[in-house]
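# any chance you could fold what I've pasted below:
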Amino acid sequence: MSRTENLAAAADVADADPDAAATATATDHAAACTPIRTPEEKRAFVHSVFETISDDYDKMNDIESFRMHRTWKRRLVEQVIESLSSVASLAPDTSPTILDVASGTGDIAIALAAALPNAHVVGLDFSENMLAVARRRSESLSPEISRAEFIWGDALALPFADNSIDALTISFGLRNLPDYEAALREFSRVLRPGACFFCLEASYPTSPVIKPFFRLYFRHIMPLMASLVVGHRQQYQCRQYQSVLKTRLSVVRRLF
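Numbers count the residues shown, from 1 in each chain. Sure thing, here's the model as predicted:
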């Protein structure tokens with residue numbers, strides 16, 4: 001498969017949910033939602049949501065996925081480790097550079113740094129509040145555990161040179177980006193030839209039996225739980241944010 005075809009395949013994963021195109025912004029305590037019409041509006045909306053929910057993000061991930069997201073992310077980390085061990089272009093004494101885009105509170109970056117002490121692991125996110133949580137989590141680890149570096153950055157304009165990254169991951173973050181194809185082109189730019197890109201993403205179930213219950217859960221039950229547990233019903237009720245948060249099916253795809 002060519003690199004262009006790989007990019008198209010990843011974009012198809014991002015677009016797999018027919019409701020993903022329904023974008024919205026919360027405007028009042030009744031969580032009224034109005035359409036977002038531009039990439040800039042989507043970026044601002046997603047940023048405001050993550051800045052608001054950063055302290056409760058991990059708790060809600062556990063609740064909404066019944067802690068299954070931990071298993072999915074662990075599998076992603078295992079795949080990255082396996083891929084790096086088999087990349088012929090890496091010399092035995094090489095220190096690979098791994099970039100985790102939309103790193104959020106740092107689950108993937110922290111796990112990769114702990115498992116690969118010789119690697120330079122960077123977690124990048126555009127929400128300072130989410131990064132603050134990631135840094136606190138990293139700093140709380142035992143001193144002997146290797147730590148990831150966390151930096152602010154834009155997924156559509158990565159602060160890295162061409163062909164400088166040995167592995168790139170993004171976990172439940174592709175849907176948050178205002179331009180999927182532009183992001184994938186940027187990922188391709190910074191990856192070395194032969195490097196691997198891992199995308200952990202979600203999509204609607206295809207079963208006509210399961211799908212209605214799935215919609216019920218994410219449109220009504222999950223916002224109620226968010227209100228009761230963390231007080232963020234408004235942020236979880238808009239259809240756009242529900243499409244961002246859907247962790248129903250995990251997809252780990254090796255695209256490069």
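# drop to CA atoms for contacts and neighbour counts, all remaining ones
OK.
# list the buried residues for the lengthiest helix in the chain?
Of all the elements of type helix in the chain, the one with the most residues (DSSP state H) is helix 68-86. Of the residues in helix 68-86, 68, 69, 72, 73, 76, 77, 79, 80, 83, 84 count as buried by neighbour count, 16 or more other Cα atoms under 10 Å.
# check these and tell me the two furthest apart.
Of all pairs drawn from those, the widest gap by Cα to Cα lies between 68 and 84 and measures 25.0 Å.
# model confidence over the longest helix of the chain, on average?
Helix 68-86 shows a mean pLDDT of 93.
# just checking, what packs against that helix?
With contacts defined as 3 or more Cα pairs under 8 Å, 6 or more residues apart in numbering; DSSP states H and E, helix 68-86 has these neighbours: helix 57-65, helix 107-115, strand 165-171, strand 191-201.
# out of those, which one sits most buried?
When neighbours are counted by mean count of other Cα atoms under 10 Å, the highest per-stretch mean among the helices and strands packed on helix 68-86 falls to strand 165-171, a mean of 24.
# and it with helix 68-86, angle?
Orientation check (axes from the mean of the first three to the mean of the last three Cα atoms, to 10 degrees): strand 165-171 against helix 68-86 gives 170 degrees.
# so how far is strand 165-171 from its chain's centroid?
11 Å (Cα atoms, centre = their mean, to the nearest Å).
# that one - what's its average pLDDT?
Looking at strand 165-171 alone, the average pLDDT works out to 97.
# what is it packed up against?
Where contact means 3+ Cα pairs under 8 Å, 6+ apart, strand 165-171 is packed against helix 68-86, strand 97-101, strand 191-201.
# rebuild these as a markdown table, extending it with distance to residue 115.
Putting those into a markdown table (distance: least, Cα to Cα, whole Å) gives the following:
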| stretch | distance to residue 115 |
| --- | --- |
| helix 68-86 | 8 |
| strand 97-101 | 12 |
| strand 191-201 | 17 |
